[in-house]
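Q: no letters, just coordinates:
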């Protein structure tokens, strides 16, 4: 994680970093284990899904990327998309 994932994440523009971080925070707060598995599988990563507790995998990912910063709880209303043109996280 420290050798590849974190440096790549930190090379992204700040806005992309924040969108990815908040997406992970939302998933850890609101997704059940089945939804976390589905999220992992839908990413089509070139890695086999971790065996065992998928939530523990995501928590380890959070801890490795963001240290002691707490990921929960968050108000679900904070993540409601507004109607209108959507903004790309890649802009």
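A: Structure received. Keep in mind that this is a model prediction, so the values were computed, not measured. Numbers count the residues shown, from 1 in each chain.

Q: only C-alpha atoms from now on, for both contacts and neighbour counts.
A: Noted.

Q: all helices of this protein, in order?
A: According to DSSP state H, the chain carries its helices in the segments 5-11, 14-30, 33-42, 54-66.

Q: show me the one of the ones you listed that comes nearest residue 76.
A: Residue 76 lies closest, by C-alpha to C-alpha, to one member of the helices of the chain: helix 14-30, at 7.9 Å.

Q: go through the closest one and flag the buried ones.
A: Across helix 14-30, burial judged by 16 or more other C-alpha atoms under 10 Å covers 16, 17, 21, 24, 25, 26, 27, 28.

Q: circling back: can you list the helices of the chain in JSON lines and add mean pLDDT?
A: Converted to JSON lines, these look like this (pLDDT from 0 to 100):
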{"stretch": "helix 5-11", "mean pLDDT": "92"}
{"stretch": "helix 14-30", "mean pLDDT": "91"}
{"stretch": "helix 33-42", "mean pLDDT": "94"}
{"stretch": "helix 54-66", "mean pLDDT": "94"}
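
Q: so for residue 78, which of those helices sits nearest?
A: Comparing the helices of the chain against residue 78 with C-alpha to C-alpha, the closest turns out to be helix 14-30 (9.6 Å).
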